[in-house]
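Engineer: Dropping the sequence and predicted coords here.
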Amino acid sequence: MDTTHKQQTTKSIIKTLTIFHYAYCIAILVFGIVALYITENAVINFSDSEDIFFFLVPVFAITLAFLSHFIFQQNLKRVREKTTLQEKLVHYQTSRIIKYAMLEAPALFGVVIFIITSNQYYLIIAAVLLAYLFLQRPTKEIVKQDLDLNAEQKQQFREALK
C-alpha cells in the first residue's frame, strides 16, 4: 500500500513539474503572439539607445537568467541533503518552479515593453528566454541526475515511474 502511494506521488510530482514547465512556456508564447498581432507598426530597432528599456530589458533578462541558475544550484545542494526520495522530489519541484518563474518574468517583461514601444528587439529577447526555458524541460533522466540519488532511491524512482 505504501509503495503504491509513493509511486503515485513520485509520478504526480514529475507530471506536475512538466505541466508547470509547459504552462510557463505556453504563457510566454501565447502572450508574444497576441502582442505581435495587436501591435501596429512593429519594427526592429537595434539603435534606440535613447530608450531606457533598450538596456534595461536585456540586463534584466541576463541577470535573472544567471540568478535563476545560481539559485537553482544553491537549492539543489539543499535538496540533495534530504534523506528520502519523497523529500527530495518535493523540494526539487519547488526549486524548478522558482527557476522557471525567474525565466518567465523577464520574458513577459520584454513582451510588455514590445507592446509599449513596438520595437521587436524586446520580442527577440523574450523569444531567446523562451527558448532557454524550453531547454530546461524536466526529463526523468535530468531529475534523477539533479537529485544525485543513492542506489535505494534510484530503485524507488525507477519503480515509481513504471
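Structural biologist: That came through, no problem.
Engineer: When you work out contacts or count neighbours from here on, use the C-alpha atoms and nothing else.
Structural biologist: OK.
Engineer: can you pull the contacts of the most centrally placed residue in the chain?
Structural biologist: Nearest residue to the geometric centre of the chain (C-alpha atoms, centre = their mean): residue 100, 2.2 Å. Counting by C-alpha atoms under 8 Å, 6 or more residues apart in numbering, residue 100 makes contact with 21, 24, 68, 133.
Engineer: Tell me the secondary structure at it.
Structural biologist: Here residue 100 takes the helix state, with states given by DSSP: H, G, I helix; E, B strand; the rest coil.
Engineer: can you pull the pLDDT of the nearest residue to residue 138 once chain neighbours are set aside?
Structural biologist: The shortest distance from residue 138 to any non-neighbouring residue, by C-alpha to C-alpha, 6 or more residues apart in numbering, is to residue 18 (6.2 Å). What the model reports as pLDDT for residue 18 is 95.
Engineer: now do the one 4 residues further on
Structural biologist: Taken from the predicted model, the pLDDT recorded for residue 22 is 97.
Engineer: hmm, back to that, could you measure the residue nearest to the centre of the chain against residue 39, distance?
Structural biologist: Distance, residue 100 to residue 39, using C-alpha to C-alpha, to the nearest Å: 27 Å.
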